[in-house]
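[1] Fold the following for me, if possible:
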Amino acid sequence: SGEQAWEIVDRISSFKFQVSSFSAPAVKHAQITDGQAIIDDVVLTWFKGPNSYTGEDVVEISCHGGRYAANRILALLVENGARHAKPGEFTERAFLNGKLDLAQAEAVAGLIHARTVKAGQAAARQLQGGLSEKVRAMRNKLLDLLALLELELDFSEEDIEFESRQHRLETLNLLTGQLNELIGTFRRGRLVREGLRVALVGAPNAGKSTLLNAILQEDRAIVSPEPGTTRDVVEARVELDGIEVILQDTAGLRKSDHHIESQGITRTRKTIELADLVLLLVDESNPLLPDETILNLLGSKSVIFVQNKLDLRQKSQEIAINRPKITFFREIELSALTHEGVDRLNQALIEFLSSEDTAQAEIVVSEARHHDCLTAAAASIQRAATQLAEPTLMASDLRDAVNHLGEITGESVGESILDRIFSKFCIGK
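    Okay, here's the model as predicted:
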């Protein structure tokens, strides 16, 4: 991509293209040569700026797969004046040339890294500009409000009121409601983007590793009748209802003098703190609960109580388990060994995901940066609403809100923010 793109490709291609002869994209078969030998048969696609992804002149080279051809062609391009793109540079140029706004550019990275159906769908919706359109509409309302307010300040000596305070307050309240609605989608958006983190917690030998394997339908974790087998957090991923579920099999929670096992238990506590949902497993044939410090951690978490080893229960046998004083999202009886009841647990996980769904909102905020900008804009607007009698202070708060919203779409964003955003992309892209 760039003003020398065609010239560089022309030097290594058997097809000599007349740049001035076209305006629409053109596709040609050609051979790439180093001047002595043919490297590969390729297809060359020319795009004339600004009608390209980056907005610049672009050439795409489609070669055969394999390490030799691709690497040799890349080396020839560099020898003839090209350079490798920095991470995200193609998309950064698209943003700088007005082909995408910043939120859409970030959606490109989201689409590339999406691992599940809903993560891909959310990124695709953002790429189409749904979030940008909503943010831009709110920003325009603020600009209209700010313009009238600054005009009023210019005529302050004449005591002219261009808009009533009541109307301004109504506008600010409307915008606050719209912002809070978007902010409220972030928890769901984060789950869609990053996955639901589920910690499997319980006493040693409660069947956590067996349950992990049962949900995955493969042997991912080592299973042993010996307590304390799991000494680190074992992580595995599965897709449920279009969303990635990150299962974390933790070390059994008990007091231990073994250094490695103690480290595993420390990591278990950290895993619980970061989890979105906890599966608290109890072996009903030996119903031990974690110690009080762990149960205190669970008090602030969403918890599914799992009564395991149903296969060991005798007919008509009643099992009395001392349940912790926690409000459970669901209670499930199952056998991780025979898989009886595992489907009920999977359904409970799907129900939890649905309960986190913010009314199936069409536009979902999934980027932490966007959430922070929206939250800051809402705070500025709320301050402005308390300054109706002080138009100078109110105008300052409105400018802050305008700038915060502009950071989402790129109207007001610094170079350091751009560098941070595009550095997270794959090489090129």
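[2] buried sites along stretch 64-74?
    Within stretch 64-74, the residues that qualify as buried by neighbour count (16 or more other C-beta atoms under 10 Å) are 69, 72-73. Backbone N, C-alpha and C define where each C-beta goes, glycine included.
[3] oh, I was asking about stretch 135-154
    Going by 16+ other C-beta under 10 Å, stretch 135-154 has these buried residues: 135-136, 138-139, 141-142, 145-146, 149, 152.
[4] ok, so of those residues, who is nearest Ile215?
    Of all the buried residues of stretch 135-154, Val135 has the smallest distance to Ile215: 38.5 Å, by C-beta to C-beta.
[5] for the record, mean pLDDT for stretch 147-158?
    Stretch 147-158 shows a mean pLDDT of 76.
[6] picking up where we left off before, out of the buried residues of stretch 135-154, which sit inside helices?
    135-136, 138-139, 141-142, 145-146, 149, 152 (DSSP state H).
[7] Take those residues and lay them out in TSV including distance to Arg93.
    Output for those, formatted as TSV (distance: C-beta to C-beta, whole Å):
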residue	distance to Arg93
Val135	23
Arg136	22
Met138	28
Arg139	24
Lys141	31
Leu142	30
Leu145	34
Leu146	32
Leu149	37
Glu152	42
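[8] Out of those residues, flag the one nearest to Ile12.
    Nearest to Ile12 among these: Arg136, at 43.3 Å, using C-beta to C-beta.
[9] In contact with that closest one, which residues?
    Neighbouring residues of Arg136 by C-beta atoms under 8 Å, 6 or more residues apart in numbering: 405, 409.
[10] From Leu111, how far off is it?
    Computed as C-beta to C-beta, to the nearest Å, the Arg136 to Leu111 distance reads 21 Å.
[11] What of Gly341?
    Gly341 sits 37 Å away from Leu111, going by C-beta to C-beta.
[12] who has more neighbours, those two?
    The residue with more neighbours, out of Gly341 and Leu111, is Gly341; 19 against 16, by other C-beta atoms under 10 Å.
[13] Lowest-scoring secondary structure element of the protein by mean pLDDT?
    For the chain, the helix or strand with the lowest mean confidence is helix 259-274, at a mean of 73 (criterion: mean pLDDT, DSSP states H and E).
[14] next helix or strand past that helix?
    strand 277-283 (DSSP states H and E).
[15] ok, residues contacting that next one?
    When contacts are defined by C-beta under 8 Å, 6+ apart, strand 277-283 is touched by residues 196-203, 205-208, 211, 272, 288-290, 298, 301-309, 321, 324, 326, 329, 345, 349, 352.
[16] I'd like to know which of these are part of strands.
    196-202, 303-308 (DSSP state E).
[17] I'd like those as TSV, with distance to Ile243 appended.
    Listed next are those as TSV, based on distance: C-beta to C-beta, whole Å:
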residue	distance to Ile243
Leu196	6
Arg197	12
Val198	11
Ala199	17
Leu200	18
Val201	21
Gly202	24
Val303	19
Ile304	16
Phe305	22
Val306	20
Gln307	26
Asn308	25
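[18] Buried ones from those residues, can you make that a ChimeraX selection?
    Buried residues within the ones in strands among the contacts of strand 277-283, by 16+ other C-beta under 10 Å, are selected in ChimeraX with:
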select :196,197,198,199,200,201,202,303,304,305,306,307,308
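[19] now Ala384: how far from Arg11?
    Plainly put, Ala384 is 59 Å away from Arg11 if you go by C-beta to C-beta.
[20] helix, strand or coil for the residue nearest the centre of the chain?
    Centroid-nearest residue in the chain: Arg193, 3.2 Å away (criterion: C-alpha atoms, centre = their mean). Assigned with DSSP: H, G, I helix; E, B strand; the rest coil, Arg193 falls in the helix class.
[21] Thought Ala368 was touching it, still the case?
    No - using C-beta atoms under 8 Å, Arg193 is not in contact with Ala368, being 9.4 Å away.
[22] Mutual contacts of those two, please.
    Jointly contacting Arg193 and Ala368 under the rule C-beta under 8 Å, 6+ apart is no residue at all.
[23] low-confidence ranges in the chain?
    17-22, 155-162, 220-232, 252-265, 314-320, 356-361, 427 (pLDDT under 70).
[24] Going along the chain, name the strands of it.
    Using DSSP E, the strands of the chain run over 26-33, 38-47, 58-62, 196-202, 234-240, 243-249, 277-283, 303-308, 330-333.
[25] May I have the strands that pair with the fourth one, each with its orientation?
    Translated: strand 196-202. strand 243-249 (parallel), strand 277-283 (parallel) (DSSP bridges).
[26] Also the shortest one?
    According to DSSP bridges, the neighbouring strands of strand 330-333, each with its direction, are strand 303-308 (parallel).
[27] contacts for the partner strand?
    Strand 303-308 has contacts (C-beta under 8 Å, 6+ apart) with 206-207, 211, 277-284, 319, 321, 323, 326-336, 345, 348-349, 352.
[28] Tally up the residues packed near Ser14, please.
    Applying other C-beta under 10 Å, we find 14 residues neighbouring Ser14.
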